[in-house]
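Build me a model from this:
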Amino acid sequence: MDITKMTAAERAELKAQLEAEERAEKQKREDDVTAYKSAVDEFCRLKFSRLKAMSEEMRRLKDVVFADAETLIQLKEELFKTKSDRHSDQFTTSDGRITLALGNRTNDGWDDTVEVGVAKVKEFVKSLARDADSAALAEMVMNLLSKDRKGNLKASRVLQLREIARKSGYSELIEATDIIQGAYRPEETCQFISASYKDDKGVKHTLPLSMAAMD
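As a prediction, the model looks like this:
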């Protein structure tokens, strides 16, 4: 199409046609965007409604599981004359096929007296004679006193340290580790429930109880 050979009327008509096509294209995009937003609204509202119902049911079921477990825990304590550590409990069917565990997840925590115990350990390490055996003991002790990235002692390492202190026979080290252990104040973070089962072949599987745990 040679625009130079078109009359003024033809050029005006072509311009109007192009503008109309541009407006139509713009309108279609606006309509498509509106339709997309409408689809998003419908998706969010419908799925949120179902997820909310599922969340409420999981909350209700969690409360039921903990309440029923509390009854079993009390019965176990009465029957076997034991006291639960209250952080976690586990129940398994008599055939060993199904296991439920529940309790409170904890983070290691310590009161301010822990620093007294740590200081005493360091004093003890400094007092050791520098032969091969004492150097090895000092290194082992200090490694167990190393803190994590958050600057906290690890309770599992403190238990190892206490065992080493007992075996070493050093009263100063035993006293220091007792102070550290006495300063232990675990902090409960959240409740948890886990369930596992064994299939017909005896293979253990974990029952996914969260969206993230599902394949």
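
List of residues touching stretch 51-64?
191, 193, 209 (C-beta atoms under 8 Å, 6 or more residues apart in numbering). (Glycine included, C-beta is placed from N, CA and C.)

Who are the packing partners of the lowest-mean-pLDDT helix or strand in the chain?
The helix or strand of the chain with the lowest confidence, counting by mean pLDDT, DSSP states H and E, is helix 132-144 at a mean of 87. If you count contacts as 3 or more C-beta pairs under 8 Å, 6 or more residues apart in numbering; DSSP states H and E, helix 132-144 packs onto helix 114-127, helix 155-168.

between those helices, which gets nearest to Q74?
helix 155-168 (27.0 Å; C-beta to C-beta).

Show me which residues of the closest one are buried.
Within helix 155-168, the residues that qualify as buried are 155, 157-158, 160-162, 164-165, 168, counting by 16 or more other C-beta atoms under 10 Å.

Also compute the angle for that helix relative to helix 132-144, please.
Relative orientation of helix 155-168 and helix 132-144, computed by axes from the mean of the first three to the mean of the last three C-alpha atoms, to 10 degrees: 160 degrees.

for helix 155-168, the distance to its chain's centre please.
28 Å (C-alpha atoms, centre = their mean, to the nearest Å).

Pull out the buried residues from the contacts of stretch 51-64.
Among the contacts of stretch 51-64, those classed as buried by 16+ other C-beta under 10 Å are I193.

so of the contacts of stretch 51-64, which ones are in strands?
Taking DSSP state E, the ones among the contacts of stretch 51-64 that sit in strands are 191, 193.

Out of the contacts of stretch 51-64, which is nearest to E175?
Distances from E175 to those, taken by C-beta to C-beta, are shortest for Q191, at 36.7 Å.

Beta-bridge partners for the closest one, please?
Legend: beta-bridge partners of Q191 under DSSP bridges are N104.

Name the next helix or strand downstream of the biggest helix by length in the chain, please.
Determined from DSSP state H, the single longest helix within the chain is helix 8-80. Next along the chain after helix 8-80, taking DSSP states H and E as the criterion, comes strand 88-92.

That following strand packs against which elements?
Using 3+ C-beta pairs under 8 Å, 6+ apart, strand 88-92 is in contact with helix 8-80, strand 98-107.
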